[in-house]
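1. this is a predicted model, with the sequence first.
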Amino acid sequence: MAFVGIFSPAEADATYGCPAAPDSCPDQPGLDPIHNYMDYTDDACNNQLTDGQFKRVRKQLKHYRSLPV
């Protein structure tokens, strides 16, 4: 995965389905990033990007699609 500057919380294993608040790394801050578009959860669960991911998407849309973002 390309470096985007700000990472999501730690996750020990890929998460599938749409689990309720898993925490596979209890010694690390944050719950598993099941709502992040870069996770393996079902599409219905994905609705978030990290700040770094969001900035990268905006930059790509502006560069490749000439969209005013």
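-> Yes, it's here.

2. from now on I want contacts and neighbour counts done on CA atoms only, so please keep to that.
-> Noted.

3. so who does residue 39 touch?
-> By CA atoms under 8 Å, 6 or more residues apart in numbering, residue 39 lies in contact with 14, 15, 33, 46.

4. kindly apply the preceding question to residue 38 instead.
-> With CA under 8 Å, 6+ apart, residue 38 has these contacts: residue 49.

5. please report the distance of it from residue 59.
-> Taken as CA to CA, to the nearest Å, the spacing of residue 38 relative to residue 59 amounts to 17 Å.

6. residue 16 now?
-> Going from residue 16 to residue 59 by CA to CA gives 29 Å.

7. for the protein, which spans come out with low pLDDT?
-> 1-8, 69 (pLDDT under 70).

8. quick one: the helices in it, in order.
-> 51-65 (DSSP state H).

9. buried ones in stretch 37-57?
-> When burial is assessed from 16 or more other CA atoms under 10 Å, stretch 37-57 yields the following buried residues: 37, 39, 40, 41, 45, 46, 49, 50, 53.

10. show me the contacts for the residue nearest to the spatial centre of the chain.
-> Centroid-nearest residue in the chain: residue 36, 3.0 Å away (criterion: CA atoms, centre = their mean). Applying CA under 8 Å, 6+ apart to residue 36 gives the contacts 8, 46, 47, 48, 49, 50.

11. try 6 Å this time
-> 46, 48, 49 (CA atoms under 6 Å, 6 or more residues apart in numbering).

12. okay then, goodbye and thanks.
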